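Asker: whatever this is, show me its structure:
(2 chains)
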Amino acid sequence: MIQRMSSVFLRTLRDNPVDAEVPSHRLLVRAGYIRRAAPGAYTWLPLGWRTFRKVENIIRQEMNLIGAQEVHFPSLLPREPYQTSGRWADYGDNLFRLQDRRKVDYLLGPTHEEMFTLLVKDLYSSYKDLPLWLYQIQTKFRDEARPRGGLLRGREFVMKDSYSFDIDQEGLQSSYDAHRNAYIKIFDRLGLPYVIVSAMSGAMGGSVSEEFLFPCDSGEDTFVQCINCDYSANTEAVQIGSTSPVDASKHQLAQVADTPDTPTIQTLVDLFNSRSDLQRKGNPWAAHDTLKNVVVNLRHPDGRREALAIGIPGDRDVDMKRLEAQVAPAEVEAFADEHFAANSALVKGYIGPGALGLASASGIRFLLDPRIGIGSAWITGANQSGRHVMNLVHGRDFVADGTIDVSEVRDGDPCPRCAGSLSIKRGIEIGHVFQLGKKYAEVLELSVLDQNGKQQVVTMGSYGIGVSRAVAAIAEATHDQLGLRWPRAVAPFDVHIVIAGKGGDDTASTANSLAQQLDTVGLEVLLDDRTGVSPGVKFKDAELLGIPCIVIAGRGVLEGVVEIRDRILGTATEVKIADATAYIAETHFGSLTGK
RNA sequence: CGGGGAGUGGCGCAGUUGGUAGCGUGCCUGGUUUGGGACCAGGAGGCCGGGGGUUCAAGUCCCCCCUCCCCGACCA
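Answerer: Reported below is the predicted structural model:
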């Protein structure tokens, strides 16, 4: 295939578009791969669409290779299945909803668990039909509050989503493993660096879940990696171990102290250290000796509100993302002044365990950070304005309703698995695999007969790759200062030939016949045959477009050579015209056998 | 939803104390150029985000609204 630049639908931009910040967005727009059509929705232009389809096909090939079968659902979906699963409500404002002329509710699919479940229920009813793996490559819609970074977070985007159906957990595990391995192959072929981290399943339900993250500063996900062992996790999913109980008998009895004007942890600690009756000899009080009690409201999908108190060490803050992930699908709201007014047991700024939890006056559920071990003593609020209590011992002086692990994760925190420490990084989520279990099969009543003729609820897995996001992530991972720099597997063309000679010499005919030869051996060629365009412009465009092999037919043609540049390595070689095709095939495409 | 920035030809920008819109680039025509974003000459292209107001006169002043970008909140 030969595409001529003189006729391709393309206009490169000399300046960066002002509304694009992240490099992949900037370059994809500048190089004429995409155009914004609406907030968070992009049009694919010819070059971009070629790259998109290459990415899509690599994913399709690997899915087919493991035996998954491709289907295709509509994007326009009925309300009922999502009503049944609860996600009509759980998804909230993020769901695009619409009505037909008879005012019947529809939605634009944000993801398709319900539909796949019902499809299988529709056709299959025996354990002999399982395992079954189905997938689609489909446009998804989510009414994101803030689309970002062009293709990185859109309101309309393309996702490959697959679903596995098994009779038991053992089957699910092997389906999961097969998909996980396929994903490893896919991202390797795409040339996309990734780390696999433990994740929260969030609104999807289910248990085991891992994310494939492309480490990148402009990423929106935060994850940790242990500097010692192979532990890695999304910060939302980090679980610190519980603290083992210690002997409480060494602690003195709890003692209430007047602590006026101590609205913050720091002022509280300073006051304790400055008062002779409260000082601790040889070991000044610090923020981590205090117990901070944070109250929030949970709003459940059914609209019900519930107050929740969380006790954490005073040197930490509650990480709202981690909290949201833990309490999903409930949403977290601030505990406003009017809520304090309605709970007289809670004294703002002086909340202590006494007013919380089991058998207390307030009846508010009280959960503790796992660092608050049984037998540990704390300085905390006395539930009276201007007063705190010291030596309040967990298990002796107060109890809680349980633990919740939602405090912020910090760089250098201890690894939950080994003696190492955690380092914090950012990344872009490019894939997600998880074991859904029976959540959807149960609510939508998908079951099959087993060997004994008994109904068994099917257990499911769900596996996603953002296809359009992957294009952006590859651009993000591979670009340089000059422009895009595609891996060969996804470049819109294999070879970019530039005619750089004067009019009337042999450069054009040389370039044309070289293009023909490359086409004959199966390579896709973009031929810059534009006349009246200076060489500098063509070189800049070639670098911007990022096709990995650039051939210059210019002044060297008189001596019988062309220049062959490797866009990825940045190298350039002069090769005899007669040898050029073989050279390109050999050096850039491994003599084409693998193509 | 909170904080910040910005809406003027395709893209990037200027526009003074209010006086009927300009520059660069891109595009068209002709000519000269041709290995690193060439040059000359002549052109086409704008509801100045939208609506209301003030004024003889509004891109510019006042009010309301919308949109986009960044940070946060939120988000399989």
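
Asker: A:L291 reaches A:D315, doesn't it?
Answerer: No. Using C-beta atoms under 8 Å, A:L291 makes no contact with A:D315, being 10.8 Å away. Bear in mind the C-beta positions are built from the backbone N, C-alpha and C, glycine included.

Asker: higher neighbour count, the two?
Answerer: A:L291 (28 against 16; other C-beta atoms under 10 Å).

Asker: so where's the stretch 1-150 of chain A shaky on pLDDT?
Answerer: For the stretch 1-150 of chain A, no stretch is flagged by pLDDT under 70.

Asker: who in it is up against RNA strand B?
Answerer: A:11-22, A:39-40, A:91, A:94, A:110-111, A:140, A:142, A:144-149 (C-beta under 7 Å from any atom of the strand).

Asker: mind running it again at 6 Å?
Answerer: A:11-15, A:17-19, A:21, A:39, A:94, A:111, A:140, A:145-149 (C-beta under 6 Å from any atom of the strand).

Asker: would you state the strands of the stretch 201-350 of chain A in chain order?
Answerer: Secondary structure of the stretch 201-350 of chain A (DSSP state E, counting those that start in this stretch): strands at A:209-215, A:221-226, A:232-234, A:255-258, A:290-299, A:305-313, A:331-334.

Asker: ok, which of the ones you listed comes nearest RNA strand B?
Answerer: The minimum distance between RNA strand B and these falls on strand A:331-334, with 5.7 Å, by C-beta to the nearest atom of the strand.

Asker: what comes up buried for that closest one?
Answerer: For strand A:331-334, a neighbour-count test (16 or more other C-beta atoms under 10 Å) marks A:V332 as buried.

Asker: report all helices and strands that that strand contacts.
Answerer: strand A:290-299, helix A:320-327 (3 or more C-beta pairs under 8 Å, 6 or more residues apart in numbering; DSSP states H and E).

Asker: and the contacts of that strand?
Answerer: Residues outside strand A:331-334 that contact it (C-beta atoms under 8 Å, 6 or more residues apart in numbering): A:92, A:296-299, A:305, A:320, A:323-324.

Asker: buried subset of the residues you listed?
Answerer: A:296-299, A:323-324.

Asker: mind putting these in JSON lines, distance to A:V575 included?
Answerer: Below are the buried ones among the contacts of strand A:331-334 laid out as JSON lines (distance: C-beta to C-beta, whole Å):
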{"residue": "A:V296", "distance to A:V575": "67"}
{"residue": "A:N297", "distance to A:V575": "70"}
{"residue": "A:L298", "distance to A:V575": "68"}
{"residue": "A:R299", "distance to A:V575": "67"}
{"residue": "A:L323", "distance to A:V575": "61"}
{"residue": "A:E324", "distance to A:V575": "58"}
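
Asker: the helices in chain A, which residues?
Answerer: A:23-30, A:46-65, A:80-85, A:87-90, A:113-123, A:169-190, A:265-274, A:320-327, A:337-342, A:439-443, A:467-478, A:507-520, A:535-545, A:580-589 (DSSP state H).

Asker: reformat the strands of the stretch 201-350 of chain A as TSV; add mean pLDDT and distance to A:F157.
Answerer: TSV is the format used below for the strands of the stretch 201-350 of chain A (pLDDT from 0 to 100; distance: least, C-beta to C-beta, whole Å):
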stretch	mean pLDDT	distance to A:F157
strand A:209-215	93	16
strand A:221-226	90	16
strand A:232-234	89	20
strand A:255-258	81	56
strand A:290-299	83	28
strand A:305-313	84	33
strand A:331-334	74	24
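
Asker: picking that back up, so of the helices of chain A, which one's packed in deepest?
Answerer: By mean neighbour count, with neighbours taken as mean count of other C-beta atoms under 10 Å, helix A:467-478 ranks first of the helices of chain A at a mean of 26.

Asker: residues contacting the residue nearest the centre of chain A?
Answerer: What sits nearest the mean C-alpha location of chain A, by C-alpha atoms, centre = their mean, is A:E429, with 2.5 Å. Contacts for A:E429 (C-beta under 8 Å, 6+ apart) come out as A:211-213, A:219-221, A:466, A:469.

Asker: repeat the analysis, applying 6 Å as the threshold.
Answerer: Going by C-beta atoms under 6 Å, 6 or more residues apart in numbering, A:E429 touches A:211, A:213, A:221.

Asker: closest one of the residues you listed to A:T267?
Answerer: Within the contacts of A:E429, proximity to A:T267 (C-beta to C-beta) peaks at A:D221, which comes in at 35.3 Å.

Asker: count the neighbours of the closest one for me.
Answerer: Neighbours of A:D221 (other C-beta under 10 Å): 20.

Asker: show the contacting residues for it.
Answerer: A:213, A:427, A:429.

Asker: so where's the longest strand in chain A?
Answerer: In chain A, taking DSSP state E as the definition, the longest strand is strand A:422-437.

Asker: and the angle from that strand to helix A:113-123?
Answerer: Per axes from the mean of the first three to the mean of the last three C-alpha atoms, to 10 degrees, the angle that strand A:422-437 makes with helix A:113-123 is 30 degrees.

Asker: in strand A:422-437, what counts as buried?
Answerer: A:422, A:425, A:427-437.

Asker: next: stretch A:271-285.
Answerer: A:271-272, A:278, A:285.

Asker: out of the residues you listed, which is nearest to RNA strand B?
Answerer: A:W285 (28.9 Å).

Asker: would you confirm that that closest one contacts A:L271?
Answerer: No. Using C-beta atoms under 6 Å, A:W285 makes no contact with A:L271, being 9.2 Å away.

Asker: A:F165 against A:L132, yeah?
Answerer: Yes. With contact defined as C-beta under 6 Å, A:F165 counts as touching A:L132 (4.4 Å).

Asker: ok, these two, which is more surrounded?
Answerer: Between A:F165 and A:L132, A:F165 has the larger neighbour count (other C-beta under 10 Å), namely 25 against 19.

Asker: for the stretch 401-550 of chain A, what lies in contact range of RNA strand B?
Answerer: Checking the stretch 401-550 of chain A against RNA strand B by C-beta under 6 Å from any atom of the strand, the hits are A:432, A:464, A:466, A:500-503, A:532, A:534-537, A:539-541, A:543-544.

Asker: kindly recompute the last result at 7 Å.
Answerer: Residues of the stretch 401-550 of chain A lying near RNA strand B (C-beta under 7 Å from any atom of the strand): A:429, A:432, A:464, A:466, A:482, A:500-503, A:531-537, A:539-541, A:543-544.

Asker: please tell me how far the residue of the stretch 301-450 of chain A found nearest RNA strand B sits from A:R305.
Answerer: Across the stretch 301-450 of chain A, no residue is closer to RNA strand B than A:M320, which sits at 3.3 Å (C-beta to the nearest atom of the strand). Per C-beta to C-beta, to the nearest Å, A:M320 is found 17 Å from A:R305.

Asker: got it, and A:I240?
Answerer: Where A:R305 is concerned, A:I240 sits at a distance of 29 Å (C-beta to C-beta).

Asker: ok, A:G171 next?
Answerer: Relative to A:R305, and taking C-beta to C-beta, A:G171 is found at 41 Å.
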